[in-house]
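**Q** Generate coordinates for the sequence data below:
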Amino acid sequence: MSHSGPKTPIEARKSAALSGRVRVPGDKSISHRALILGALAVGETRISGLLEGEDVLNTAKAMRSLGASVERHGEGLWTVRGVGVAGFAAPSEPLDFGNSGTGCRLAMGAVAGAPITARFDGDASLRTRPMRRILDPLEQMGARSSHDADGGRLPLTLEGARAPIPIIYRTPVPSAQIKSAVLLAGLAAPGMTTVIENEWSRDHTERMLTHFGAEVSSKPEGVHGRRISLKGQPELKGAAVTVPADPSSAAFPMVAALVVPDSEIVLADVMTNPLRTGLIKTLRDMGAQIDELKTRGDAGEPMAEFRVRSSQLRGVDVPAERAPSMIDEYLVLAVAASFAEGTTTMRGLQELRVKESDRLAATAAMLRVNGVKTEIVGDDMIIEGRGHVPGGGVVATHMDHRIAMSALMMGLAADTPVKVDDTAFIATSFPDFVPMMRKLGAEFA
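**A** Okay, here's the model as predicted:
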């Protein structure tokens, strides 16, 4: 189930000014949750703007295998007719999530509250990623798992709880995936299921649960944490969901416009959930010209139109507590830091080690092969920006779409072209990435 077929390397070359208005694909986190909660609801859920990348499509297939009706009616337009909380049917084949840790882990939570058994699997990359941190609380709630590899790694079999138990669970690390899995399992349990976080992670699940009719409360816990409680056994009702543009996808053209001289672009309908705007805050700290224009909201999620203009960036210190709000954006932030003047220190990046690849090591390698002085000290990355990037490197992407896209953005402003060894898997999250960037003026070969 690893990526197969011919590799598709691409070279990015120094481009003229980028310009234009685009809407990047729908947010992946919202797309996964809309499909899963639609499957757990009673009645029809209508979704517009769904991200149609491989990761989300695999979640759609899994919901069909679990008994929900999931249909596509046009680009980004989908309907889901759900089976109700704990109403999943046992799938006849393994649920294959490809490269998607989010889809897999959230679906584990949903299955853990149903009296069925399901086999979970994924591609070679997903099989290396730890699942024990998800399975531990689910087993406390009455689910049982068996797996073929250490650390609860895929492939594994999950037997849902016959009588789910509500728990109070303190997450060991800030993780929206752990929190979401516990809350989704808690839908089937009587009474209150509570998750306590020392650092507040993305709250998309809480917002969307409320949108579908669940009773969810969220209160401060300590200095940076939250206590989230869910009243179990609700009847979720199908709802309309408009998926906002993904801020993690918007990050790539945003950084490209900042570093390619004389650029000015507009990004439409970008999600502005405050737990997802760490990159924008950091780039503004660096001197980026990012102006917020029109604002609106849908299904509890705010969004805005942004104008981004090329800027003279300076190095900054990025605090560790900002990591949960921008964990997927550190790779492309590293590109911005490479073009900045001065040192950028990004702290507390341990979570990057267990993503689609070891993103901490892979990002450092991407920078070094292109002439950027970079050091990893513990879980911190230190980048010495000199206002320009020599380039000329060939970047090993390790089947990681964000490494590939970040390296290509670097090449658009580097002194000499930057080449990535493969781009086929960019389709997992951003199917039209290359043509969209070319529309803005990017030069790829």
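**Q** Under the pLDDT cut-off, which ranges of the stretch 1-150 of the chain? List them.
**A** 1-5 (pLDDT under 70).
**Q** let's see 90
**A** For the stretch 1-150 of the chain, residues meeting the criterion pLDDT under 90 lie at 1-7, 53, 125, 129-130, 147-150.
**Q** got it, and the stretch 301-445 of the chain?
**A** 321, 323-325, 327, 351, 353-358, 399, 425, 427-431.
**Q** List the buried residues for stretch 332-352?
**A** Neighbour-count burial for stretch 332-352 flags 332-340, 343-349, 351-352 (criterion: 16 or more other CB atoms under 10 Å). The way it works is simple: take the backbone N, C-alpha and C, and place the C-beta from them, glycine included.
**Q** now stretch 291-300
**A** For stretch 291-300, the neighbour count (16+ other CB under 10 Å) marks 298-300 as buried.
**Q** Ok, stretch 143-157 next?
**A** Buried, per 16+ other CB under 10 Å, within stretch 143-157: 143, 145, 147, 152-156.
**Q** between those residues, which is nearest Arg438?
**A** Nearest to Arg438 among the buried residues of stretch 143-157: Leu154, at 35.8 Å, using CB to CB.
**Q** could you say which helix or strand contains the closest one?
**A** Counting by DSSP states H and E, no helix or strand carries Leu154.
**Q** One more: Ile228?
**A** strand 225-231.
**Q** so what strands line up beside that strand?
**A** Using DSSP bridges, the strands paired with strand 225-231 are strand 192-197 (antiparallel), strand 216-221 (antiparallel).
**Q** ok so, going back, so can I have TSV of the buried residues of stretch 291-300 showing secondary structure, distance to Glu44 and pLDDT?
**A** What follows is the buried residues of stretch 291-300, written out as TSV (DSSP: H, G, I helix; E, B strand; the rest coil; distance: CB to CB, whole Å; pLDDT from 0 to 100):
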residue	secondary structure	distance to Glu44	pLDDT
Asp298	strand	17	84
Ala299	coil	15	83
Gly300	coil	19	85
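**Q** Name the nearest of those relative to Gly74.
**A** Closest to Gly74, out of all of those and judged by CB to CB, is Asp298, at 18.4 Å.
**Q** Quickly note the distance from the closest one to Leu313.
**A** Between Asp298 and Leu313 the computed distance is 32 Å (CB to CB, to the nearest Å).
**Q** which element follows the strand holding Ile228 toward the C-terminus?
**A** Past strand 225-231, the next helix or strand by DSSP H and E is strand 240-242.
**Q** which residues touch that following strand?
**A** 30, 34, 38, 45-49, 208, 211, 298-299 (CB atoms under 8 Å, 6 or more residues apart in numbering).
**Q** which one among the residues you listed gets closest to Glu11?
**A** For the contacts of strand 240-242, the nearest to Glu11 is Gly49 (31.7 Å; CB to CB).
**Q** which non-adjacent residue is nearest Lys231?
**A** Once flanking residues are discounted, Lys231 sits nearest to Glu215: 4.1 Å by CB to CB, 6 or more residues apart in numbering.
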